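Enquirer: Sequence below, structure please.
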Amino acid sequence: MKKITKKQIQEQKRSEDIETLKNMLEKSNKKVYQTVLHVSPSGKSRIIKNNIKVDGNLVNIDYLVSSICNDPIKKGGIFMKECGMDMTFTIRYNLGMAIYKDGYVLLAG
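Expert: Predicted coordinates for the structure are as follows:
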């Protein structure tokens, strides 16, 4: 009997999360609503909250984003460490690439 590795378990979980989020995004017209909760004093990192609208209600998808894109969650949002570019776009682009193999498919809400 083959032993299942931690990496295989993580990949299986990631695949399940991709399917879950893909189904949710189809219901929300592929729009992601994002809020920058915090910018560090140096401006080099941000915490961004991610939501989608499902059946008229905003649903937080930070846990799924974290699982799919391998970004950490801190203080109620996704922690993005970089500067000089639009980090909300970066999250949408990375999600689009992971789910649809097209980084430009997800829209800003």
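Enquirer: Nearest residue to the middle of this structure?
Expert: Central residue of the chain (C-alpha atoms, centre = their mean): V65, 2.5 Å from the mean position.
Enquirer: what helix or strand is that one on?
Expert: If you go by DSSP states H and E, V65 is part of helix 62-69.
Enquirer: Next: M24.
Expert: Using DSSP H and E, M24 falls in helix 6-27.
Enquirer: Might you quantify the distance of that helix from its chain's geometric centre?
Expert: Mean-position distance between helix 6-27 and its chain equals 11 Å (C-alpha atoms, centre = their mean, to the nearest Å).
Enquirer: mind listing what's buried in the helix or strand following it?
Expert: Going down the chain from helix 6-27, the next helix or strand is strand 31-39, by DSSP H and E. Buried residues in strand 31-39, counted by 16 or more other C-beta atoms under 10 Å: 32-34. Any C-beta I mention is one placed from the backbone N, CA and C, and that applies to glycine too.
Enquirer: Confirm that R92 sits in a helix.
Expert: Yes - counting by DSSP: H, G, I helix; E, B strand; the rest coil, R92 falls inside a helix.
Enquirer: Let me see the contact set for it.
Expert: 32, 34, 103, 106-108 (C-beta atoms under 8 Å, 6 or more residues apart in numbering).
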